[in-house]
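> from the sequence below, what's the structure:
(one chain, ligands or ions: 1)
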Amino acid sequence: MPMNRVQFQPGLSMPEFTKLYGTEAQCEAALVQSRWPTGFSCPACGHGGHCLLPSRPRMTFQCNACHRQTSLIAGTLFQGSNLPLTTWFLAIYLVSQAKTGLSALALKRHLGVSYPTAWLIHHKLMQAMAEREDLYRLSGAVQMDDAYLGGERSGGKAGRGSENKVPFVAAVSVDDEGHPGRIKLTPVPGFTTEAIIEWSKDHLSPGCTVLSDGLACFGGVSAAGCLHIPIVAGGRKPDELPEFRWVNTVLGNVKTSLSGAYHAFDFGKYAGRYLAAIAYRFNRRFQLKTLPERLLVAAVATGPRPEAWLRMAEDSC
Ligand SMILES: [Zn+2]
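Sure thing, here's the model as predicted:
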């Protein structure tokens, strides 16, 4: 893989960012453009004609047909927030440009907000990334492995099924030339055939060829119309086999991100969101410069995700 293409690509520099999104008016204009690329459309009746109401804390549109008033942030991820848009945009910039992720604590310091506010911003943005990732399935050749959060990765099989660890599937699609494409990092209830069947139906396109080690549950991918090729290593750990090169690289990245940026978090509750944020950045690794814009579009599309919902969401999964 041409790693230099990733490492040396130009991102969006801080001066460039400030020039583009340094004022509230610039952020408002960018948010309007993301939300209504072809012009305002009333959420109630679809009418385009409108007037802007002055002297509001937020830019507010009033529909000329039904007179409904719509705040610029209503119905987006930013709904309910009193923060300036410049703070949100700076958070989007920092989160999207940080290669190995950014903790809520680092966000608190950079944004000059309280820790609870930084936590909320962080989780809302990670949720937007997670929902974006859910839209995509892996296709073609896929390398797949079992892994755990909250402990050393189970290279040897002894760690499998240990308590106090969150099991997750790591999978990478690989093209004909052996280059990695997209990745998926998804918590599963356990490494059972049933769990892998469900995972495969949600995350694999039918017709995939899936390489895994000999763990029996991976045979479940065939229920999603995929061909399963178990690689049973003759005396060697599967980690060392070229067939698993990319999935092992990805798991190495996960480990670096989690130990570097996030020292500790509630794995059981929030693992899915943290892993999806890692996958989101990896899957857009060639688009560093446009990543803030993409994340803004995702935030607009995601809709409101209040704190209570963010704190309980994964408990119900
Ligand atoms: Zn209307």
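
> look through the stretch 101-250 of the chain and state the residue closest to the ion.
Nearest residue of the stretch 101-250 of the chain to the ion: residue 128, at 26.7 Å (Cβ to the ion). Every residue, glycine included, has its C-beta placed from N, CA and C.

> not counting residues beside it along the chain, what's closest to residue 87?
Spatial nearest neighbour of residue 87, chain neighbours left out: residue 111 (5.5 Å); criterion: Cβ to Cβ, 6 or more residues apart in numbering.

> need the contact list for the one you found.
87, 90-91, 94, 117-118, 121 (Cβ atoms under 8 Å, 6 or more residues apart in numbering).

> just the buried ones from those?
Among those, those scoring as buried are 87, 90-91, 94, 117-118, 121 (criterion: 16 or more other Cβ atoms under 10 Å).

> so which residues of the stretch 1-150 of the chain form helices?
Remark: helices assigned in the stretch 1-150 of the chain by DSSP state H, counting those that start in this stretch are 3-7, 14-21, 24-35, 85-97, 104-111, 115-133.

> and these as CSV, adding distance to residue 76 and mean pLDDT?
Below are those laid out as CSV (distance: least, Cβ to Cβ, whole Å; pLDDT from 0 to 100):
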stretch, distance to residue 76, mean pLDDT
helix 3-7, 30, 62
helix 14-21, 16, 93
helix 24-35, 7, 95
helix 85-97, 10, 95
helix 104-111, 19, 93
helix 115-133, 10, 95
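
> turn these into JSON lines, including distance to residue 300.
Below are the helices of the stretch 1-150 of the chain laid out as JSON lines (distance: least, Cβ to Cβ, whole Å):
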{"stretch": "helix 3-7", "distance to residue 300": "27"}
{"stretch": "helix 14-21", "distance to residue 300": "15"}
{"stretch": "helix 24-35", "distance to residue 300": "5"}
{"stretch": "helix 85-97", "distance to residue 300": "11"}
{"stretch": "helix 104-111", "distance to residue 300": "20"}
{"stretch": "helix 115-133", "distance to residue 300": "9"}
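
> so which of those helices is nearest residue 64?
Between residue 64 and the helices of the stretch 1-150 of the chain, the shortest separation by Cβ to Cβ is 16.9 Å, and it involves helix 24-35.

> elements contacting that closest one?
The helices and strands touching helix 24-35, judged by 3 or more Cβ pairs under 8 Å, 6 or more residues apart in numbering; DSSP states H and E, are helix 14-21, helix 85-97, helix 291-302.

> can you get me a residue count around residue 274?
For residue 274, the number of neighbouring residues by other Cβ atoms under 10 Å comes to 27.

> mind giving me the packing neighbours of the helix or strand harbouring it?
Per DSSP states H and E: residue 274 is located in helix 267-283. Applying 3+ Cβ pairs under 8 Å, 6+ apart, we find helix 267-283 packed against helix 115-133, strand 141-149, strand 166-174, strand 180-187, helix 245-260.
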